[in-house]
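K.L.:
Make a model of this:
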Amino acid sequence: MEGTMGSKRGGSTLTGFLGDIVDDTKHLVDDLIVRAKDVEKDLRNAATDLVKDDGNEEDSAQDVAALQATLADLQAKVEQLTALKAKQGSSSGGTAAKS
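P.N.:
Now for the predicted structure:
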């Protein structure tokens, strides 16, 4: 990745700025997809462990806590993407380009 979100990469032109927003949005969506896959994998593993249930309640509690933390992180990224999209929509006069 060239930089972090919000870093100045596209110069001072409007098209450079909009290009940076699109690039940042793409990176964010890619991260969300990867995170969703991780959550899905974790949920499958947790379900498998639950079915196998070896009687170890402590491990189950740790798995649930880990899943809740992962879910909270995913929700935060979705909210970040929503805010970025809303900001992008308002900065372009409310006319977002369709892809």
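
K.L.:
okay, and the helix or strand of this structure with the least pLDDT?
P.N.:
Within the chain, no helix or strand scores below helix 57-91, which has a mean of 85 by mean pLDDT, DSSP states H and E.

K.L.:
name the helices or strands packed onto it?
P.N.:
Here helix 57-91 touches helix 14-52, going by 3 or more CB pairs under 8 Å, 6 or more residues apart in numbering; DSSP states H and E. Every residue, glycine included, has its C-beta placed from N, CA and C.

K.L.:
Now do the residue sitting nearest the centre point of the chain, the pLDDT please.
P.N.:
What sits nearest the mean C-alpha location of the chain, by CA atoms, centre = their mean, is Leu32, with 3.0 Å. pLDDT recorded at Leu32 is 93.

K.L.:
Just list the residues touching the residue lying closest to Val64 once chain neighbours are set aside, thanks.
P.N.:
Spatial nearest neighbour of Val64, chain neighbours left out: Ala46 (7.5 Å); criterion: CB to CB, 6 or more residues apart in numbering. Ala46 makes contact with 63-64, 67 under the criterion CB atoms under 8 Å, 6 or more residues apart in numbering.

K.L.:
Lys87 versus Gly16, what's the distance?
P.N.:
Gly16 sits 17 Å away from Lys87, going by CB to CB, to the nearest Å.

K.L.:
oh sorry, the question was meant for Thr15
P.N.:
Separation of Thr15 from Lys87 (CB to CB): 17 Å.
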